[in-house]
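> Sequence plus the predicted model coming up.
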Amino acid sequence: MDFTTEITNYPYIRARDIKGGKIQTDDLIYIDEIVFNKIKKYIIKSGDIAITIVGASVGDVAYAQEEIDGFNLTENAVRLTEFNSIVDGKYLFYVLNQEQYHEYMQTVAGGAAQPKLGIYKVERIKVFLPPLNIQKEIASVLTAYDNLIENNNKRIRLLEQMAENLYKEWFVRFRFPGHEKVEFDNGLPKGWVIDRIGNVCETLGGGTPSTSKAEYWNGNIKWVTPTDITSKNSLPLLNVEGRITEEGLKKSSAKLLPPYTILMTSRASIGFFGVAPFEVCTNQGFISIIPQKENLRMYMLYTLKLKKDEIIANANGSTFLEISKGRFRKMKMVVPIDSILDLFENKTRVIFDEILKIEQQSENLARQRDLLLPRLMSGKLEVNV
């Protein structure tokens, strides 16, 4: 099937877009009218439930929001639609989105190289259905938490846009503090230089401990995979699923990275960024970046974000695209003088810390929401009807 990143009238939802309980629209691809006419029966409607059924992400569940009504849906997902009179669709979504159901769907999909959750297996999933009015009230309580989280997400997007706009104003338009008195030389303010990325930062790869060694896993060291980065819409990385032991770290090529290391996905889904405020290590799907100077951290982060197309253009590979550390290190970037870098670091670090605080609030809200559902379903916590 032919896809394009150019916007057409036919957005296409991939399995990777079904994550975090909703259908993500930040990195959409599109199809043309000819392809649409061939697959037009595969669409999703507002209020449907989408479940991924193929690959490593089997069992990811999303509730279709209004904005994606009529989008084309991948054949690697099924949708639950046209619910009958005994079930509330939003309640059913919250039930299926629990971790226990995700694990169950992963199990019944099988452990093959390409797990598959057949439609008949989805149809056999059993769920507890209290009276419809109770379902609606439970869904209403949980939706209130999701609305607070979504409001936080909007605040985060505004803050990140603020930081990006500041970067463009200072380093693209050159309207930084004191620019009126600065002389330019070959298109750059005097004192600014163009240098290779490898000369201004340390770049590190990742690794995966042997999966056959139980003693390497479920330890205390946070181990990041690309999904941890691509499944979220903000830079701070708080929720890391993987854990390895110190022995697993020693026996693999993974490296323990200091807090606030810039993590960049470098394989398949290239050019996604995250920054963890704690020590982490990563698998092989990353290039981790540690600037040589503290005042380069936020500047480098936003520089690289805006270089995504160039980073992808430097990738190669037949099975999947990947940018090597060598190619990445040879890429060039503008390095301003320290006084401007200091100012930018101070201003954007305040913004980043505010984003981090909001992210932590959202993590707490999500945790409370997930604890509520089983208590509401069991009747341990009453709902008002």
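That came through fine. Numbering: from 1, shown residues only.
> contacts and neighbour counts: CA atoms only from here.
Fine.
> Quick check, L296 in contact with L341.
Yes. Between L296 and L341 a contact is recorded at 6.5 Å, counting by CA atoms under 8 Å.
> which intervals of the stretch 151-300 of the chain have sub-threshold pLDDT?
When the per-residue scores of the stretch 151-300 of the chain are filtered using pLDDT under 70, no range remains.
> for it, what spans make up the strands?
184-185, 188-189, 193-196, 201-204, 217-224, 242-244, 262-265, 273-275, 281-282, 286-291 (DSSP state E, counting those that start in this stretch).
> Reformat those strands as CSV; add distance to T52 and mean neighbour count.
Below are these laid out as CSV (distance: least, CA to CA, whole Å; neighbours: other CA atoms under 10 Å):
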stretch, distance to T52, mean neighbour count
strand 184-185, 54, 11
strand 188-189, 49, 16
strand 193-196, 41, 13
strand 201-204, 33, 18
strand 217-224, 22, 19
strand 242-244, 21, 19
strand 262-265, 23, 26
strand 273-275, 24, 24
strand 281-282, 25, 27
strand 286-291, 25, 24
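> closest one to D60 among the ones you listed?
Closest to D60 of those, according to CA to CA: strand 242-244, at 17.0 Å.
> Neighbouring strands - and their directions - for the closest one?
Partner strands for strand 242-244, per DSSP bridges, with pairing direction: strand 217-224 (antiparallel).
> what's the distance between G207 and N153?
Here the distance between G207 and N153 works out to 31 Å (CA to CA, to the nearest Å).
> I meant G248, not that one.
35 Å.
> More neighbours: these two, which one.
Regarding G248 and N153, a neighbour count based on other CA atoms under 10 Å identifies G248 as having more, with 24 against 18.
> Identify the spatial nearest neighbour of the more buried one, chain neighbours not counted.
Counting by CA to CA, 6 or more residues apart in numbering, G248 lies nearest to Y216, which is 4.0 Å off, once chain neighbours are set aside.
> Touching, that neighbour and K250? I think so.
No. Between Y216 and K250 there is no contact, the gap being 9.3 Å when judged by CA under 8 Å.
> which of the two has more neighbours?
More crowded of Y216 and K250, by other CA under 10 Å: Y216, with 21 against 13.
> Next one: the closest residue in space to R349 that isn't next to it in sequence from L263, what distance?
Counting by CA to CA, 6+ apart, M298 is the residue found nearest to R349 once chain neighbours are left out, at 7.1 Å. To L263, M298 is 13 Å away according to CA to CA.
> How about Y302?
Y302 sits 12 Å away from L263, taking CA to CA as the criterion.
> again with S324
In this view, S324 and L263 are 14 Å apart by CA to CA.
> the helices in the stretch 201-350 of the chain, which residues?
With DSSP state H, counting those that start in this stretch as the criterion, the stretch 201-350 of the chain has helices at 226-230, 246-250, 297-306, 308-313, 325-330, 338-378.
> Tell me if I'm right that N314 and L321 touch.
No. Between N314 and L321 there is no contact, the gap being 9.4 Å when judged by CA under 8 Å.
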